[in-house]
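Trainee: build the 3D model from these lines:
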Amino acid sequence: MPRVILSRRSLEADGSIVRDEPGGSHLLAITLDATDATLEGQIDGRGWRSDEGTDRVTFTPAGVVRTITMASGRYDSLLVELPAALVQRVCRTNRRTAWRSASSEHNAKLALAARWYAEQACEDAEEDALLVRLLARTVARNFSTIRFRADDAWLAPSTLSRIARLATANHRACLPALAQEAGLSVSAFSRAFRGAIGLTAGDWLIERRITAAERMLIETDLPLTEVARSVGIRAASHFSQTFLARRGMPPSEFRRRARGQTVRVSGSSTPGEYRRLGR
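Mentor: Model (predicted):
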């Protein structure tokens, strides 16, 4: 399965050349500290030179070689390896996509999304997945030919984390409650959520509720009406119909099979495993 890999890199002016060959992953470098630092090198055979300052982003598309030489000072950066296949899935496109490289561009949103993801210790798989989706879509929006809706907005990663935690703590949380947590109207929140992660807030909420219901069906003997009510779905008939549409079997059948064998519970809406940055 594809993984988002995070690491830190520190370079000093010693004349050595660093060569990155990301293979099937896009490589994103976020400047953390570049005081008195001057970097130069090549991306896909074209020369580049860095500028000082934080929130500087260098992007190397998958399959492109990047070389770095430190001319002076010290340079600390956060490296993010984003599998190209994961980005394509998150952006819901199978079309051939062109990517552009970038060196030392100022991009506060992308830098914020990358740093927040690296610094969070997400125990909730869905919070982790939301942050990955935000990062992948922000990268694609800035460096690819993938087309996005003109009315899409954006949500800060800290807001996405709060929303995920609210939905985890209260399976009955509804769209107005999420919008209130984000400090937005329902319509503004819906546009921002869709633009940030590529799913409607309503669709995401339903998937969260069905995932929570799966766990309850496996771990408890509660009747279907109680399971449905616990995850915020009032009518048992509606719950059964929604579960069938999402999982391909009614909840009663899911429970029966789960009691006889190991059943994988759907967790994250983003494919892949993620390796966090060590502290």
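
Trainee: who are the packing partners of whichever strand or helix holds Ala118?
Mentor: Here Ala118 sits within helix 108-119, counting by DSSP states H and E. Contact analysis of helix 108-119 by 3 or more C-beta pairs under 8 Å, 6 or more residues apart in numbering; DSSP states H and E lists strand 3-12, strand 25-33, strand 56-60, strand 74-83, helix 125-143, helix 157-169 as its packing neighbours. For glycine as for every other residue, the C-beta is placed from the backbone atoms N, C-alpha and C.

Trainee: distance to Glu207, mean neighbour count and mean pLDDT for these - can I get that in CSV?
Mentor: Listed next are these as CSV, based on distance: least, C-beta to C-beta, whole Å; neighbours: other C-beta atoms under 10 Å; pLDDT from 0 to 100:
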stretch, distance to Glu207, mean neighbour count, mean pLDDT
strand 3-12, 20, 15, 86
strand 25-33, 26, 22, 91
strand 56-60, 30, 23, 91
strand 74-83, 22, 21, 91
helix 125-143, 9, 23, 93
helix 157-169, 10, 19, 94
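
Trainee: quick one, which of these is nearest to Leu224?
Mentor: Closest to Leu224 of the helices and strands packed on helix 108-119, according to C-beta to C-beta: helix 157-169, at 21.6 Å.

Trainee: which regions of the protein sit below the pLDDT cut-off?
Mentor: 1-2, 51-53, 261-279 (pLDDT under 70).

Trainee: tell me which residue is most central in it.
Mentor: Central residue of the chain (C-alpha atoms, centre = their mean): Val132, 1.2 Å from the mean position.

Trainee: wait, doesn't it sit right on Tyr117?
Mentor: Yes: counting by C-beta atoms under 8 Å, Val132 touches Tyr117, with 7.1 Å between them.

Trainee: done for today, thanks.
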